[in-house]
Structures are given as C-alpha cells and as structure tokens.
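1. Model the structure of this input:
(one chain, ligands or ions: 2)
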Amino acid sequence: MQDQLIIFDTTMRDGEQSPGASMTREDKVRIGKQLEKLKVDVIEAGFAAASPGDFEAIRAVAEAVHDSTICSLARANENDIRRAGEAVAPAKRKRIHTFIATSPIHMKLKLRMSEDQVLEAAVKAVKLAREYTDDVEFSAEDAVRSETDFLCRIFEATIAAGARTINVPDTVGYSIPERWGHLFRTLLERVPNADKAVWSTHCHNDLGMAVANSLAAVMNGARQVECTINGLGERAGNASLEEIVMAVRTRADLFTCRTGIDATQIVPASKLVSTITGYPVQPNKAVVGANAFAHESGIHQDGVLKHRETYEIMRAEDVGWGANRLTLGKLSGRNAFKSRLSELGITLASEEALNAAFAKFKELADKKREIFDEDLQALVSDESVTPEHERFKLVSLVAHSETGEQPFARVVMADAGREFRAEARGAGPVDAAFQAVEDMVHSGTDLLLYSVNNITSGTDSQGEVTVRLAKEGRIVNGMGADTDIVVASVKAYLSALNKMGGKAERMNPQYGDETAAP
Ligand code: KIV
Ligand code: ZN
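-> Ligands and ions are numbered 1, 2, ... in the order given. The predicted structure is shown next:
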C-alpha cells in the first residue's frame, strides 16, 4: 500500500494574493467546482476575515463543493478564527488553517512578541479552531528562517492542542531542496508527537525552487503539499500543483506515495484559472504551457513519430490536452448552451445574465464556425454578462490602420447607460482605442500590463486580452475576448476600469500584525 499525498490547493487564497488576481464569489465557485473535478483533497477558498466579500465567497464554495475539504485561512486571533469557522460551516468537510510567524525577524519586527507569547497565541488559536472543526491546520509562517528548536517546541504544543496538520512554509522562497528535505527529516525525528499529525510543505518560488523543495519535503516524510494551479501566487508564485502531481506520478519509481488527482482535469483547470485571473500561462511552462508537448526540432519529431517515448515522458492527453472539445455551433439552442455551461460548472447569476451570454454566443457563432469549451469560458468571463460590474460598456468601435498612416480609433461607450464617443490616434489601433477611452473617462490609472493570447488555434480564434491597471496602490486585471483583438482589448480595458471603480480593498493576511483583529 502506498501512502496518500494530500493535495492542498491554495489558488484562491495564496494565489489570490498575486497583484490584480482577486476573484469574485462567482469566480471562486467556478474554480472550486473545477478543483473538485480535479479531485483536489483540500481547497483553501480564501481568508474569511479579509473582507465580507471573501467571507461570502468561502461560504459559497463551501455550499457548492461536496467532495473536497473546504478551508479558510485565519491568523491566530479570536476574530479570524470565528470568521473562518462561520465561513466554512456549510461544508461537508471543513478545515480551519491558522498561522503565526515564528522566525526571529518576524516575531521581533512585525509581531513584537516573544517566543512564549507566539507559542501561547498559537495554542489558543488551535484550541478555539477545534471548537468549529476537528480538522485544524497550524502553520509556522517563515519557518524557513525560524530556529529549529523553537519550531519543534511550537509544533509539539500545537499538535497537543489538537492540530491535525502541521504546515512548514518557506514563506520567502529561500530554501534549497537538500536543506528543505533535511528540515523535514529533523522535525519528524525531533517532535515527540510528530506521528499524530500530517506534515505539510508550502513553498514559494522566489529562487525558482518551490516545486523541487516541495518534492524534497515529500521524500522526507511530508504527506501534504500546498500548491496552486499554474504556480499562481505572491511575487514569483507558489509551488505549481500540476508539476508536483505529474512529478510524483511520472517518477512513481522514486516516490512512495500517490495523489488522488484526476490529471485529465489539469489543463482545463489551468485555462480556467488563467482566464479568471488574467494571468497568462507562459508557452514553455511545464505540463500546462502551450509548447509543453510540442516538438520543434526535426530529430525530436522523427523520434516521437517512430516511438513516442523517445522524447516524451508524459502523454499530453493524460493531463487534459486535446480535451479541446468542439461543443456547440451556430444552430445550437439556448437549452444546449445552458446545459453545456452547467457541465462546465458555470451557473450564471440570473436569467438576464444567461440571455446576455446566449446573445454573445450567437454573435460569436456567426463569426467563428466552431465553438470550443474555452470559447464559452471566455465568453462568460466577459464582464458584460455579469451585470454587477457594468458601469462602463463598449457600444461600438471603429479602428483603422493603413501602412504609412497614423492608426485611428473611434469608440462609443456607455457610462452607467449614458453614451459617449471619442476619437483618437495612436501608435497602433489598440493604442488609439485606449487613448479614446481615456479621453472620455480620465481614469488616472497606469497601464502595467497588456497581453494578448489566442484562446483556441486558428486565425478565426478569439483573442483573449489581459489589461492590468494600477491606481493609488491598487492593482486590477481586466479580461476581454473577441475575434477582433482591438475589440477584445477595449473590453479588457473597460473591464479593468469597472473593477477599479468597484470593490473594497481586500486585506492581505500576511501584512501587519497577525494577532490583531482586522
Ligand atoms: O507563505 C506562507 O507562509 C503562507 C502561510 C499563511 C501559510 O502563505
Ligand atoms: Zn504562502
């Protein structure tokens, strides 16, 4: 019998801490359902005390997802733990994940607490969390820079207080595999009640070693890995779920554990997270990058044609490539459209939103012969079918570019139902169109990122545009999709402006005093 390796996905919590990657409640439910299909064991759906919106989103995920455990993060204080407990209450299986920093630098400069005070807060937090659920996880933030003696002390005490999972984070992405593996071996040997808990690793990717470090921990006794889809996360990101799962599976000769993940759901999960957050996946990204299974050189192509295993260690279809299902066409009706959305885990908020999405689908089907699942995902991510953020809407657009002439755009847009129009010239048609929008809205934002990807293959594919805007320290991502990339770009720009105007700021759990109530 092989051990089970628990896959703990934190895309919706640590991943959401990436600039501009914040997700709405509907986004989280869609991702949660896809993670359930992927057969993720634990879904960290957010940080309940961050904002009322995050609390509601966790509750919604807890109601919608039945097969995975739903978890909320909580700092080691009473308010956070109670909020987390209430947020996960509807879940069939629920977990509270409480944490406090244990490194000298964090304790002294951030928390201004002694070791004893930190230990006492951790034990109190775990005991309180146990009043809500038996499944309590404790993390020692910045474990990588903590004293091993203190780690042993706090882990022994929190296990005795009722923590069933002990998570050891490399919060700042500082470790290297040999050291990280050694730390796990030491902790498992030295903590007297180590066998009463599952040991977990949580690695950040600042030095590009998050996956390697996580695997080193697994080789030294960790039986839970915390990771994110596409490696999304603060700064350089977290350990990437798809790489860990496929490494353990592909090198089953080296690992004595297995995951319960349905790998054929990896690529759909990657695409969904990328679409929702506006974080594109680099083409050469392992497992989920567009080129991950493409062979360019003649020698490789020849080898693969003769015998695939000459150059391939995994099969593209095993991780969900090629599941690019042709779903609907021009003649498909509203019911077929609705039922395909529901198979994809998408439920629109109202009949009005469904009608708007169906009208867009018909428009798209007129331009594009074949509609794939990815097209549908992009279509419903388009802000204009989610009425709550609808302040700015594109009404019409004319863009003109001609060799030797300066490109020109005329944009008609609605601001809360009232129409405005403007014309501008720019370096290209997209630049001209953005200038025209700015002439109307004077947003005062800075454009941090503009990127275009094709959603499916072919020149009739929809272009999916991500626009990242910043203003007064706030960063948002907007997405837009259309077969015309200038239109997609303006939609993405307006979607970012809508987000900028809308929601309240989320709080990052790792900034400020963790023990304070928010
Ligand atoms: O990186 C980290 O330390 C965290 C903890 C809150 C687990 O994300
Ligand atoms: Zn983290």
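2. Any figure for the gap between residue 125 and residue 162?
-> Going from residue 125 to residue 162 by Cβ to Cβ, to the nearest Å gives 10 Å. The way it works is simple: take the backbone N, C-alpha and C, and place the C-beta from them, glycine included.
3. These two: who's more crowded?
-> Set residue 125 next to residue 162 and count neighbours by other Cβ atoms under 10 Å: residue 125 wins out with 28 against 19.
4. so the more buried one sits right up against residue 79, yeah?
-> No: taking Cβ atoms under 8 Å as the contact criterion, residue 125 and residue 79 are not neighbours in contact, 11.0 Å apart.
5. tell me the contacts of residue 433?
-> Under the criterion of Cβ atoms under 8 Å, 6 or more residues apart in numbering, the contact partners of residue 433 comprise 397, 399, 409, 411, 424, 426, 486, 489-490, 493.
6. and of those, the nearest to ligand 1?
-> residue 493 (31.9 Å; Cβ to the nearest ligand atom).
7. so how far is the one helix or strand the closest one maps to from its chain's centroid?
-> Remark: residue 493 resides in helix 485-501, with elements defined by DSSP states H and E. The chain centre lies 20 Å from the centre of helix 485-501; the measure is Cα atoms, centre = their mean, to the nearest Å.
8. quick one: buried residues of it?
-> Neighbour counts using 16 or more other Cβ atoms under 10 Å place 485-500 of helix 485-501 among the buried residues.
9. host element of the residue in the stretch 351-500 of the chain positioned nearest to ligand 1?
-> Evaluated by Cβ to the nearest ligand atom, the stretch 351-500 of the chain has residue 475 as its residue closest to ligand 1, separated by 19.1 Å. Using DSSP H and E, residue 475 maps to strand 474-482.
10. other SSEs contacting that strand?
-> If contacts are counted by 3 or more Cβ pairs under 8 Å, 6 or more residues apart in numbering; DSSP states H and E, strand 474-482 sits against helix 266-277, helix 373-381, strand 463-471, helix 485-501.
11. Could you dump those into JSON lines with mean pLDDT and distance to ligand 1 added?
-> As requested, the helices and strands packed on strand 474-482 are exported to JSON lines (pLDDT from 0 to 100; distance: least, Cβ to the nearest ligand atom, whole Å):
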{"stretch": "helix 266-277", "mean pLDDT": "90", "distance to ligand 1": "17"}
{"stretch": "helix 373-381", "mean pLDDT": "76", "distance to ligand 1": "26"}
{"stretch": "strand 463-471", "mean pLDDT": "89", "distance to ligand 1": "23"}
{"stretch": "helix 485-501", "mean pLDDT": "91", "distance to ligand 1": "24"}
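12. I'd like to know how far the nearest residue to residue 408 once chain neighbours are set aside sits from residue 447.
-> Nearest non-adjacent residue to residue 408, counting by Cβ to Cβ, 6 or more residues apart in numbering: residue 400, 4.7 Å away. Between residue 400 and residue 447 the distance is 22 Å, computed by Cβ to Cβ.
13. these two touch, right, the residue nearest to residue 408 and residue 425?
-> No: here residue 400 lies out of contact with residue 425, judged by Cβ under 8 Å, at a distance of 9.7 Å.
14. which residues do those two both contact?
-> Both residue 400 and residue 425 are in contact with 407-409, where contact means Cβ under 8 Å, 6+ apart.
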